[in-house]
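S.K.: Next come a sequence and a model predicted from it.
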Amino acid sequence: MLIRPPLRYPGVSASDGNTAAVVAHSQYGVGAVWVLSKDSNGDWSQTPFQAEEDDIRWGWDVAVNGDVVVVGVPRFPGGGAAVVLARGSSGGWYKQTTLLPEDAVDSDAQFGISVDISDCGCYIAVG
């Protein structure tokens with residue numbers, strides 16, 4: 001499968017073997033992430049997610065672990081964020097929640113510049 005994002009600047013990607021996330025940015029700062037999933041037949045499908053606001057650059061960093069994808073969004077208003085995408089029981093992907101810093105003193109704090117998911121999938125780390 002060939003993916004050609006309609007955005008200009010390639011970003012980062014992450015994979016755990018059966019799930020992958022690919023990120024790209026436009027020249028205007030809007031970003032998007034494509035979650036790719038392999039089914040039991042070995043066929044891949046993709047689900048796109050695009051930033052809801054201009055100039056927040058979705059996907060500065062991305063992490064994948066099974067049914068969870070975390071997307072770092074350091075330019076999210078208020079000091080940054082991490083968006084958690086999850087695979088539902090039907091196999092489709094949806095935006096589960098947005099993690100925000102509790103004590104961002106500075107609106108340029110860039111929370112979300114790095115993200116990771118523990119091996120067990122129990123913890124999400126956001127820097």
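M.R.: Everything's here; your move.

S.K.: and T97, how far is that from V68?
M.R.: According to C-beta to C-beta, to the nearest Å, T97 stands 11 Å off from V68. C-betas here are computed from N, CA, C, even on glycine.

S.K.: hey, what's in contact with both of the two?
M.R.: Residues within reach of T97 and of V68 at once, by C-beta atoms under 8 Å, 6 or more residues apart in numbering, are V84.

S.K.: Neighbour count: the two, which is higher?
M.R.: Taking neighbours as other C-beta atoms under 10 Å, T97 and V68 compare with V68 leading, 17 against 11.

S.K.: Surely that one touches G88?
M.R.: No: V68 is beyond contact range of G88, at 11.7 Å (criterion: C-beta atoms under 8 Å).

S.K.: Okay, now the unreliable bits of the protein?
M.R.: By pLDDT under 70, the low-scoring segments of the chain are 1-11, 25-30, 51-57, 103-108.

S.K.: Taking the centroid of it, which residue is nearest it?
M.R.: V71 (2.5 Å; C-alpha atoms, centre = their mean).

S.K.: looking at the sheet around that one, what are its partners?
M.R.: V62, V83 (DSSP bridges).

S.K.: so it touches G80, yeah?
M.R.: No: using C-beta under 8 Å, V71 makes no contact with G80, being 11.6 Å away.

S.K.: can you list residues touching both of the two?
M.R.: Joint contacts of V71 and G80 (C-beta under 8 Å, 6+ apart) are G112.

S.K.: just the strands in this protein please.
M.R.: For the chain, the strands defined by DSSP state E cover 9-15, 19-25, 31-38, 44-50, 62-65, 68-73, 81-87, 93-99, 115-117, 124-126.
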